[in-house]
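K.L.:
structure of the sequence below:
(one chain, ligands or ions: 1)
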Amino acid sequence: MRIDVLGVGFDDLTMAEAVAAGARLLTEEGCHYVVTPNPEIVEVCRENPAAMRAVNGADLVLPDGIGIIKGTAMLGTPLKEKTPGIEFAAGLMGEMAKEGKSLYLLGAKPGVAEQAAERLAAQYPGLKIAGTHDGYFKDDAPVAEAIRQSGADCVFVCLGAPKQELWMAKWGPETGAHLLCGLGGSLDVFAGVVERAPKFWSDHGLEWFYRLCREPKRIGRMMKLPLFLVHVRKEKRKK
Ligand code: UDP
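P.N.:
Prediction:
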């Protein structure tokens with residue numbers, strides 16, 4: 001059973017359980033996808049019914065950050081722990097490397113996915129990189145077809161939210177992959193273009209603040225965080 005936060009249902013899993021579930025989906029018939037919403041995405045979903053459907057339609061819905069964990073605690077239905085998309089992806093690549101599975105990297109500015117591919121291939125011996133494509137394309141069908149031709153088992157879809165969630169829901173089955181994961185800005189981090197917040201900041205639930213200091217233009221998007229807390233408080237009162 002999923003734990004509801006303002007209409008988005010989250011899976012209550014530890015990181016190890018989430019990675020095991022992802023690895024299992026990779027071996028199952030059909031096409032599956034994983035989403036990793038943060039409070040900002042929950043707010044987007046509240047305003048955009050198609051995004052809400054795409055997020056709730058995922059096979060795994062993982063809480064990306066501390067905001068969701070705090071929200072579920074406030075609502076009296078706490079989740080076990082945060083399972084950030086980028087750490088989930090790292091765990092999954094470890095499992096894929098053991099099995100010799102192949103990964104396609106889709107998203108980010110031209111050149112970034114290639115750079116990420118080089119670094120990940122070195123970091124995870126055994127992992128096959130099936131191909132890469134930047135995230136600034138007009139026609140979806142040729143991209144889905146390129147992924148199908150590559151024979152990838154898994155695709156990291158890093159187009160930002162809610163674009164990546166909508167893309168996976170609509171185009172996932174056309175790619176022939178067993179698993180797609182929506183991972184926001186992860187390719188920038190894997191490529192070394194953007195640095196992740198040091199452990200101290202994420203351990204203290206302040207990764208969002210670190211990112212805000214590094215990229216002040218995120219302030220508009222981050223205003224959704226207090227809005228999320230207001231909505232959670234309202235929901236709690238209703239309960
Ligand atoms: N992006 C993309 N295509 C687009 C819009 C964005 O590939 O049309 C990429 C962008 O270059 C970045 C990622 O999507 O690499 C989104 O990063 P953001 O920091 O917004 O994601 P977050 O991790 O905050 O969800």
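K.L.:
burial count for the residue nearest to V19 when sequence neighbours are not counted?
P.N.:
Closest residue to V19 apart from its sequence neighbours, by Cβ to Cβ, 6 or more residues apart in numbering: G91 at 3.5 Å. Every C-beta, even on glycine, is put in place using the N, C-alpha and C of the backbone. Residues contacting G91 under the criterion other Cβ atoms under 10 Å number 17.
K.L.:
wait, is G91 part of a helix?
P.N.:
Yes: per DSSP: H, G, I helix; E, B strand; the rest coil, G91 lies within a helix segment.
K.L.:
and the helix or strand encompassing A16, how far out from the chain's middle?
P.N.:
Per DSSP states H and E: A16 is located in helix 15-27. Helix 15-27 has its C-alpha centroid displaced from the chain centroid by 14 Å (Cα atoms, centre = their mean, to the nearest Å).
K.L.:
tell me the buried residues in it?
P.N.:
For helix 15-27, a neighbour-count test (16 or more other Cβ atoms under 10 Å) marks 15, 18-19, 21-23, 25-26 as buried.
K.L.:
make JSON lines out of those and add pLDDT and distance to the ligand.
P.N.:
JSON lines is the format used below for these (pLDDT from 0 to 100; distance: Cβ to the nearest ligand atom, whole Å):
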{"residue": "M15", "pLDDT": "98", "distance to the ligand": "18"}
{"residue": "A18", "pLDDT": "98", "distance to the ligand": "17"}
{"residue": "V19", "pLDDT": "98", "distance to the ligand": "19"}
{"residue": "A21", "pLDDT": "98", "distance to the ligand": "21"}
{"residue": "G22", "pLDDT": "98", "distance to the ligand": "18"}
{"residue": "A23", "pLDDT": "98", "distance to the ligand": "23"}
{"residue": "L25", "pLDDT": "98", "distance to the ligand": "21"}
{"residue": "L26", "pLDDT": "97", "distance to the ligand": "23"}
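K.L.:
rewinding a little: within the sheet, what are the partner strands of the very next helix or strand once past the helix holding A16, with directions?
P.N.:
For helix 15-27, the following helix or strand on the C-terminal side (DSSP H and E) is strand 32-35. With DSSP bridges as the test, strand 32-35 is paired with strand 60-61 (parallel), strand 179-182 (parallel).
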